[in-house]
Structures are given as C-alpha cells and as structure tokens.
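# sequence plus predicted model, see below.
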Amino acid sequence: MTTETTNAAALADQAAETIRSLNYATLPDASGLAFPGDAYSTIGNLSTLAMRLPQALHQVQAFIDRQHENGDLYSDQGPEDLVARIASLRGATGDAVRAAEALLDALDQAHIALSPIGARGHGLDDEEQEPCGEGMCQCSCVGVLHACGCDCPRCPYCQQDPENCDCLDQ
C-alpha cells in the first residue's frame, strides 16, 4: 500500500475514516456485502487489522518513553502530573494491547465460523457440490470471493478458462 504521508496521526485518521466507510458499506441496504464470502473476507481483514494494533500501540508508548527519558516532555499541570500521566498512559496502552489481542481472538473465531458458510441459490446448497471445500473461492477475473461453482465466466467449475482462476489456491 502506497501512502503519501508517514505522519502517524494522519495514518491513524485515514484508518479511522476507512472503518467509517466500512461501516457504511456493511449497512443492510448498501452493496458492500453480496455473499457470505464477502463477510468472511471482511472479518479476515479486520482480524489482520487487530493483529497489527498492538505493535502500533507499543511503538507509540516507546516513543513517549524515549521522549520522557530524554527530558523532552512536560505537563502544564506540573512535573508530578507528568509522571502520573506517563504511568497512566502505560497502563492504558497495556489495556489497549490486551483488548486488541482479545479482539483478534474473537475475530479469528468469527472468521473460522464463517469459513464453511455459503449462500443458497448459487449451486452450493449441497455440501457435495462445494469443490473448494469451504464454499467460497476467489476468482481472478473479478478479484472477489464468489461461491465455488458460481457462474463466473472464468471459474474452473464452469469449465471456462480454469488456468486463470485461483480457486484451487484458496
């Protein structure tokens, strides 16, 4: 992913705005989710996001610790207040890391739960008709998850252009 800034606050703002857009895309009348595989991929990507949060939190805390150790920080409430706020920050950051780890665990469980779920009416109503074993495959021609055996023109289960479909790689 190419970004035009490396400013941590701006990147965090972009992430927050992206999640806001995701919230709109997952509304009942929005078109952001068409198949259970879309939900599966969304949860998987949110799991990756949760997995990366502890590192960012640790690094922000380490930055503040270095600044404090170098004597570069102050509190407008006085020196004792600075010490208390640094300690409070450490505690809160630790809580946030634990919460992110718990979120990751929960998202991983949701991801696992979604794994075998497919949509009826797409040739997948019978388990024996699920050629990929999980009910979803990612067809390279459209770049999104579709039900295995879907009517994607390049899906190998439709017998058209199977070498250009990555369904078997999933």
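Received it, and whenever you're ready, just let me know what you need.
# any idea which element P116 lies in?
Under the criterion DSSP states H and E, no helix or strand holds P116.
# state the pLDDT value of it.
pLDDT, P116: 92.
# ok, now T18?
The model reports T18 with a pLDDT of 97.
# same deal with D151?
50.
# same deal with the one 3 residues further on?
pLDDT for R154: 46.
# and for Q170?
The confidence metric pLDDT takes the value 42 at Q170.
# and T6, by the same measure?
86.
# what do you get for Q160?
pLDDT recorded at Q160 is 44.
# which neighbouring elements make contact with the longest helix along the chain?
Counting residues, the longest helix found in the chain (DSSP state H) is helix 79-114. For helix 79-114, the contact count by 3 or more C-beta pairs under 8 Å, 6 or more residues apart in numbering; DSSP states H and E identifies helix 36-69 as packing neighbours. C-beta here means a position set from N, CA and C on the backbone, and glycine is covered the same way.
# by contact count, what packs against the helix it packs on?
Applying 3+ C-beta pairs under 8 Å, 6+ apart, we find helix 36-69 packed against helix 8-25, helix 79-114, strand 136-139, strand 144-147.
# angle of the second one against helix 36-69?
Spelled out, that is helix 79-114. Put simply, helix 79-114 runs at 160 degrees to helix 36-69, going by axes from the mean of the first three to the mean of the last three C-alpha atoms, to 10 degrees.
# show me what counts as buried in the longest helix of the chain.
I86, T93, A96, V97, A100, L103, L104, L107, A110, H111, L114 (16 or more other C-beta atoms under 10 Å).
# distance to A9 for the residues you listed - can I get that in a markdown table?
Shown next, in a markdown table, are these (distance: C-beta to C-beta, whole Å):
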| residue | distance to A9 |
| --- | --- |
| I86 | 19 |
| T93 | 16 |
| A96 | 16 |
| V97 | 19 |
| A100 | 19 |
| L103 | 22 |
| L104 | 23 |
| L107 | 25 |
| A110 | 30 |
| H111 | 30 |
| L114 | 33 |
